[in-house]
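what's the 3D shape of this:
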Amino acid sequence: VQLVESGGGLVQAGDSLRLSCAVSGRTLSYYAVAWFRQAPGKAREFVGGMSWTGRSTSYADSVRGRFAISRELATNTVFLQMDSLNVEDTATYYCATNDRRHGDIRLKEFEYNYWGQGTQVTVSS
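Predicted coordinates:
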């Protein structure tokens, strides 16, 4: 299973970005996927996740209402739409999945065993 993130970059506060996570070796329609982020000097934290059905999502309080997860089964790709970005959103963003077929959204880093390499998002004030 491989996950490859893309779409990061340098933006100004208030701007939007859309991250992509291309998944291979795994059919998204059977597994939950999550986004995490890690800022310098901080622990990796849960950002949001989508259930295997695609009908359920969960978000961290810090991004709820600004970020949205979607997926495109035809390309086996998951997206993280990020709006109203602020400086505190600066981090490396990772997508992740696990081996829980038909599993629900898990919030903890240790509950995912497949990770992408990450994509850097930097928000300037």
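
Check whether residue 27 really touches residue 76, as I assumed.
Yes. Using C-beta atoms under 8 Å, residue 27 is in contact with residue 76, at 6.9 Å. For every residue, glycine as well, the C-beta is placed using N, CA and C.

The two: who's more crowded?
Neighbour count, other C-beta atoms under 10 Å: between residue 27 and residue 76, residue 76 has more, with 16 against 11.

Check the gap between the closest residue to that one other than its chain neighbours and residue 63 for me.
Sequence neighbours aside, residue 23 is the residue nearest to residue 76 in space, at 4.9 Å (criterion: C-beta to C-beta, 6 or more residues apart in numbering). Distance from residue 23 to residue 63, counting by C-beta to C-beta, to the nearest Å: 21 Å.

again, but for residue 101
Relative to residue 63, and taking C-beta to C-beta, residue 101 is found at 27 Å.

Report how many residues lie close to the spatially closest residue to residue 86 that is not a sequence neighbour.
Of all residues not flanking residue 86 in the chain, residue 13 sits nearest, at 5.3 Å (C-beta to C-beta, 6+ apart). Using other C-beta under 10 Å, residue 13 has 13 other residues around it.

Same check on residue 116?
21.

again, but for residue 52
Counted with other C-beta under 10 Å, residue 52 comes out at 20.

cool, residue 91 as well?
22.

what helix or strand is residue 79 on?
In the assignment (DSSP states H and E), residue 79 maps to strand 77-82.

ok, residues contacting the helix or strand that that strand is followed by?
Per DSSP H and E, the first helix or strand lying C-terminal to strand 77-82 is strand 91-101. Here strand 91-101 makes contact (C-beta atoms under 8 Å, 6 or more residues apart in numbering) with 1, 3, 5, 8, 19, 21, 23, 26, 30-39, 42, 44, 47, 52, 78, 80, 106, 109, 111-121.
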